[in-house]
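Undergrad: Compute the structure for the input listed below.
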Amino acid sequence: MAVTTPTSFDAPRRAAGGEAPHAPANARAPRRAPKPAPTHEGPPSFATEFRQTGEAKPQPARPAERPQRERARGMNGHVRLLAAPGYGQLVAREPILRRAIPLLTVVFILVIAAYRVAITVDHRADILQSAEVELTLIATALAADMSYRAATEDAPLTGLLGQSLPAGATQNGRRVALLDEDGVILATSPFEEAMIGRPADAFLGPNQPMTTFGSRAGVMDVTVEGERHLATVHHLANRTAMVALTQPERQVLANWREEMSTTAVLFMCTAGVIIVVVYAFYAQSARAREADMIYTSTSTRIDTALTRGRCGLFDWDVARGRMFWTRSMFEVLGMPPRNELMGFREVSALVHPDDGGLYDLAERQLTSGETVPVRMAHAQGAVE
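TA: Coordinates of the predicted model:
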C-alpha cells in the first residue's frame with residue numbers, strides 16, 4: 001500500500017557571516033502529521049515539504065507559462081516520477097502520429113476498396129466464362145445426340161428435342177430452341193407457343209451471325225427484348241436444322257450480385273469501424289492534451305505558491321530510488337533549479353550525518369506516524 005505522508009518543518013536560514021548549527025535552536029516543535037491514507041497500489045512514496053523561515057516582501061505572482069510551451073518541452077515536473085518511460089516517447093511522437101494517421105487511414109481504406117473491386121471484377125469474369133463453357137457443352141451434347149438419333153431413328157426432329165436434352169439443360173433461366181435451315185423456330189424447351197413459327201431474331205436477337213457460322217461463332221452476348229443474354233447455335237450433322245441456347249445474364253450473375261452486396265456492406269462496416277477508431281484516437285488525444293494543460297497550469301500555480309512562501313516540496317519514490325524536487329526546493333537549498341529527477345545518492349549526500357540515512361528517516365516516519373525533521377546541507381555549507 002503506497003502512503004503519501006506530508007511532513008513540514010521550519011529551519012532558520014543561514015545568518016550573515018556565520019554558520020548555522022546542526023540543530024536549530026529556534027525550530028518549532030513539529031506538528032503531528034495526519035495518519036497515512038492509502039492512495040494507490042505500488043511502492044511507498046513520501047512527499048516532504050521544506051519551509052524556510054525569514055520574512056520576505058510580498059511580490060506579485062508571475063504569470064504562468066503557457067501550457068503549450070510546457071508540453072512542447074515534453075514531460076515536466078512531478079509527472080516524470082509518475083509516468084511510465086514509454087509515455088515520454090509517445091508524447092514526442094504524437095504530432096507525427098496525428099499527421100500520419102489520417103493519411104494512413106485513407107490509404108488503407110482505398111487499398112481495401114481497390115482489392116475488393118479487383119476481386120469482384122475477376123469473380124464476375126469467372127462466372128461469365130463458366131456460364132459460356134456450360135452453354136457450349138450443353139449445345140454440343142444436344143446437337144450430337146440429335147444428329148445420331150436423326151440418323152438412326154425415323155422420328156421428327158421436334159420429338160427428338162425432348163429426348164436428347166441433357167439433365168439440367170433448362171436450369172438457371174436457360175432456353176433451348178430448334179430451328180430449321182431457314183432459321184424458323186420449330187420447337188422450344190421450355191415450351192413457348194408464342195415462339196413457334198417465328199424467325200430466329202425473336203429468339204437470338206437481330207443482326208447475329210450465329211445461324212450462319214454455328215459453333216464457330218462461339219458464345220455471344222445478344223440483346224433480346226432489351227435484356228442481355230448469352231447465346232450459342234450449333235448445327236446438326238446433316239445441317240438440316242440447328243439448336244440454339246440462350247441464358248439471361250441476369251440469371252448468370254444473380255449469385256454474384258448477392259455476394260457483391262454482402263461485400264459492399266462488410267466494406268462499409270469495416271470503413272465505419274476504422275473511422276470510429278480514428279475519431280476515438282483524436283478525441284482521446286484532445287482529452288490528453290487538455291489534461292496536460294490542466295496539469296501544467298496547476299503545477300505552475302503550485303510552484304509559484306511554494307516560491308512565494310519560501311517552501312520546498314519533494315516527492316520520493318522509495319522503490320525506484322528517484323525523487324522529484326520543486327524549483328522552490330532548489331532555491332531553499334541554494335542549488336540551481338533543474339527539471340530532472342534527483343537520484344537517491346545525490347540527495348542522501350545532502351542529509352545531515354546525525355539524522356541517519358534516508359531509508360532510516362522513512363522507516364521512522366512510517367513506524368511512528370509522526371513528523372520527522374530532515375536537515376539538509378545548503379549549497380554554501382549551511383544546514384537547512
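Undergrad: I'd guessed residue 227 sits against residue 248; true?
TA: Yes - counting by Cβ atoms under 8 Å, residue 227 does reach residue 248; the two are 5.9 Å apart. Bear in mind the C-beta positions are built from the backbone N, C-alpha and C, glycine included.
Undergrad: Give me the more crowded residue out of these two.
TA: residue 248 (17 against 11; other Cβ atoms under 10 Å).
Undergrad: In space, what's closest to that one - neighbours in sequence excluded?
TA: Counting by Cβ to Cβ, 6 or more residues apart in numbering, residue 173 is the residue found nearest to residue 248 once chain neighbours are left out, at 4.8 Å.
Undergrad: In this protein, which residue is most central in space?
TA: Residue closest to the average C-alpha location in the chain (Cα atoms, centre = their mean): residue 277, at 5.3 Å.
Undergrad: Could you name the specific helix or strand carrying that residue?
TA: Element membership for residue 277 (DSSP states H and E) is helix 254-308.
Undergrad: For that helix, give the mean pLDDT please.
TA: Across helix 254-308, the average pLDDT comes to 89.
Undergrad: tell me which strands and helices it is in contact with?
TA: helix 67-72, helix 85-152, strand 311-317, helix 327-332 (3 or more Cβ pairs under 8 Å, 6 or more residues apart in numbering; DSSP states H and E).
Undergrad: picking up where we left off before, my read is the residue nearest to residue 248 is in a strand, agree?
TA: No - counting by DSSP: H, G, I helix; E, B strand; the rest coil, residue 173 falls outside a strand, being coil.
Undergrad: can you pull the contacts of it?
TA: By Cβ atoms under 8 Å, 6 or more residues apart in numbering, the contact list for residue 173 reads 247, 248, 250, 251, 252.
Undergrad: For those, work out which two are farthest apart.
TA: 247 and 250 (9.5 Å; Cβ to Cβ).
Undergrad: Looking at the two, which is more packed in?
TA: residue 247 (23 against 12).
Undergrad: Check which helix or strand that one maps to.
TA: Going by DSSP H and E, residue 247 is part of strand 241-248.
Undergrad: which other helices and strands contact the helix or strand following that strand?
TA: Following strand 241-248 in sequence order, the next helix or strand is helix 249-252 (DSSP H and E). With contacts taken as 3+ Cβ pairs under 8 Å, 6+ apart, helix 249-252 sits against helix 85-152, strand 227-235.
Undergrad: Lowest average pLDDT across the ones you listed?
TA: helix 85-152 (a mean of 89).
Undergrad: Tell me the first helix or strand C-terminal of it.
TA: Moving toward the C-terminus from helix 85-152, the next element (DSSP H and E) is helix 157-164.
Undergrad: residues of that next one that come out buried?
TA: 157, 160, 161, 164 (16 or more other Cβ atoms under 10 Å).
Undergrad: now for whichever helix or strand comes after it, which elements pack on it?
TA: The element immediately downstream of helix 157-164 (helix or strand, assigned by DSSP H and E) is strand 175-180. Where contact means 3+ Cβ pairs under 8 Å, 6+ apart, strand 175-180 is packed against helix 157-164, strand 185-189, helix 201-204, strand 241-248.
Undergrad: Contacts for strand 175-180 next, please.
TA: 142, 157-158, 161, 165, 169-170, 185-190, 192, 195, 200, 203, 211, 233, 240-247.
Undergrad: If we use 6 Å, what do you get?
TA: 161, 185-189, 200, 203, 241-246 (Cβ atoms under 6 Å, 6 or more residues apart in numbering).
Undergrad: circling back to that earlier point, list just the nearest of the contacts of residue 173 to residue 125.
TA: For these, the nearest to residue 125 is residue 252 (11.6 Å; Cβ to Cβ).
Undergrad: ok, the closest one touching residue 131?
TA: Yes - at 4.5 Å, residue 252 counts as touching residue 131 under the criterion of Cβ atoms under 6 Å.
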